[in-house]
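In: Let's see this in three dimensions:
(one chain, ligands or ions: 2)
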Amino acid sequence: PATAATPGAKKVIVQLFEWNWTSVAAECTSTLGPKGYGYVQVSPPQEHVNSSPWWVSYQPVSYRIESRKGTRAQFQSMVNTCHAAGVKVIVDAVVNHMSGQENGGTGWAGSSYGHYNYPGIYSAQDFHYCGRNGNNDIANYNDRYEVQNCELVNLADLKTESEYVRGRLAAYLNDLLSLGVDGFRLDGSKHMPAADIAAIKAKLNRSAYLVQEVIYGAGEPIQPAEYTGNGDVHEFRYGKDLARMFNNERLAYLKNFGESWGYLSSAKAVVFTDNHDTQREGGVLTYRDRGTYALANAFMLAWPYGTPAVMSSFTYSGRDQGPPADGSNRITNVTCYSGWECEHRWPVIANMVGFRNATEGAGVSNWYDNGYQHIAFSRTGKGYLTINDEGSAVNGRSYYTGLPAGRYCDVVHGTFSNGSCSGPVITVDSSGWFAANVPAHDAIAIHIGAKL
Ligand code: LM2
Ligand code: CA
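Out: Ligands and ions are numbered 1, 2, ... in the order given. Below you'll find the model as predicted:
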């Protein structure tokens, strides 16, 4: 088994949603490593019910590493290739439940199963039957017992308090660790008590990065902060509030974005403009918002709250529509900009990953706003971003950066490589100022990692 990549300052995550293992591997080498992404989050790798919507991934029928996304051997090879490119691998781990289909069948890799019956793995006694709502489904999110013991959309809810179930889940995660995986996104964490997750974590053979999916709901009894003792937690308010600032309110309000907004502590939060669920639910910015989406990602990557996770989608028109696949229901190799959006390759987003890495650890200073949609700030001594989301250009203005004098690549409009910049160059004078025009709905970003 491969050893984990060496820890470094690279913390940006990219979610390559529903990419097959062969394509993830190629992307690690061609783009993720070179652009400075630290982690790739891949979709669930275990055997699942055999159908074409994307969400079959969230209906496990066994823990064999065989799926529409590839074989165990392809998965292993992907992990090795990503590590060689300096990119760590986070697996989306479905541990709260098994499949939800009423009728049994044969899974993707040939395992037979029934609802509440997964031969050799789980039988009826390993599941919760909460006795609520007539069908055991969750209805009331204001009831802690119900959220953790009833079924999420009919998905057979594992008895995570049972020693046997915990052992079985840990065995699955340990198998992935033996393949060299670096961390887990724990799907549906809110539907498991934090103590159950802690007990499973205690059975892992080595340390792994954990990010728990706990969707914040105002006034709900189960709060994301309950889970921080186990590891990181997704801060779902971030993407919704960021969208609201861009769409309806003011970028000027972002001056204290983060903990002051009631969010999780920065060190524990993983943030994103959108993920595979929220992009389908609305109320967030997605690839469909084009330029505004790019600006929101630029802000996220420049602003030092939480660990940023960049979304990378396949394009779709219907909610359930699966990713491009062949006649055998295998997900086909990714071709960016054809069925796959590849947001993580958009030049602004990919270049701002370099900004994030170059400014790691630096605080915010020199905040400026015009009261509305024009903002700017330094990452002290390391970088500077200004966003003008006004309907008209801001011309003839100077910006105080506090950066060392010199010539910097504007990484919003150009890519810095081998010491040269493919776009405009920004000159910071000996007092730390630069002058530039910023068009409407545009931005300028410079950092010490892209200095000519
Ligand atoms: C998650 N996090 O907690 C995932 O991020 C989310 O994408 C998953 O839902 C969910 N939890 C369960 O892992 C998705 C999708 C659902 C889909 C489920 C299971 O959003 O629509 O449910 O996966 O595949 C589908 C049907 C639903 C049906 C269910 C069971 O849409 O109508 O319920 O399968 O057959 C009767
Ligand atoms: Ca549960």
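
In: In terms of secondary structure, what does the lengthiest helix in the chain contact?
Out: Longest helix in the chain by number of residues, with DSSP state H as the criterion: helix 163-178. Applying 3 or more CB pairs under 8 Å, 6 or more residues apart in numbering; DSSP states H and E, we find helix 163-178 packed against strand 88-94, helix 194-201. Placement of C-beta: from N, CA and C, glycine included.

In: right, so these: which one is the most enclosed?
Out: Most buried of the helices and strands packed on helix 163-178, by mean neighbour count (mean count of other CB atoms under 10 Å): strand 88-94, with a mean of 26.

In: Can you confirm whether it lies near ligand 2?
Out: No. Figure legend: strand 88-94 not in contact with ligand 2 (CB under 5 Å from the ion); closest approach 11.6 Å.

In: Run through the helices of the stretch 251-400 of the chain in chain order.
Out: 278-281, 290-302, 347-359 (DSSP state H, counting those that start in this stretch).

In: Which helix or strand contains the residue lying closest to Y408 once chain neighbours are set aside?
Out: Closest residue to Y408 apart from its sequence neighbours, by CB to CB, 6 or more residues apart in numbering: I446 at 3.7 Å. Using DSSP states H and E, the element containing I446 is strand 442-447.

In: Who are the packing partners of that strand?
Out: Using 3+ CB pairs under 8 Å, 6+ apart: strand 442-447 touches helix 290-302, helix 347-359, strand 383-388, strand 406-409, strand 425-428, strand 433-438.

In: Let's have those in CSV, adding mean pLDDT, distance to V79 and mean neighbour count.
Out: Listed next are the helices and strands packed on strand 442-447 as CSV, based on pLDDT from 0 to 100; distance: least, CB to CB, whole Å; neighbours: other CB atoms under 10 Å:
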stretch, mean pLDDT, distance to V79, mean neighbour count
helix 290-302, 98, 25, 22
helix 347-359, 97, 21, 24
strand 383-388, 99, 32, 26
strand 406-409, 98, 33, 20
strand 425-428, 98, 39, 20
strand 433-438, 98, 42, 16
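
In: Out of these, which gets nearest to F75?
Out: helix 347-359 (24.5 Å; CB to CB).

In: Pull the residues that contact the closest one.
Out: Contacts to helix 347-359, defined as CB atoms under 8 Å, 6 or more residues apart in numbering, come from residues 9-12, 31, 35-38, 294-295, 297-298, 301-302, 304, 308, 310, 343-344, 379, 382-383, 385, 411-412, 415-416, 443, 445, 447-450.

In: Mind giving me the PyMOL command for buried ones among those residues?
Out: Applied in PyMOL, the following selects the buried portion of the contacts of helix 347-359 according to 16 or more other CB atoms under 10 Å:
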select buried, resi 10+11+12+31+35+36+37+38+294+295+297+298+301+302+304+308+310+343+344+379+382+383+385+411+412+415+416+443+445+447+448+449+450
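
In: Now do the same contact list for N366.
Out: Residues near N366 by CB under 8 Å, 6+ apart: 376-378, 384, 400-402.

In: Number of residues surrounding the residue lying closest to it once chain neighbours are set aside?
Out: Take N366 and drop its neighbours on the chain: the residue closest to it by CB to CB, 6+ apart is S378, 4.2 Å away. Neighbours of S378 under the rule other CB atoms under 10 Å: 25.

In: How about A225?
Out: Burial of A225 is recorded as 14 neighbouring residues (other CB under 10 Å).

In: Would you report the backbone torsion angles of it?
Out: For A225, the backbone dihedrals (degrees, to the nearest 10) come out as phi -60, psi -20.

In: and it, how far is that from ligand 1?
Out: Separation of A225 from ligand 1 (CB to the nearest ligand atom, to the nearest Å) stands at 18 Å.

In: Quick one: residues contacting that residue.
Out: 233, 264.
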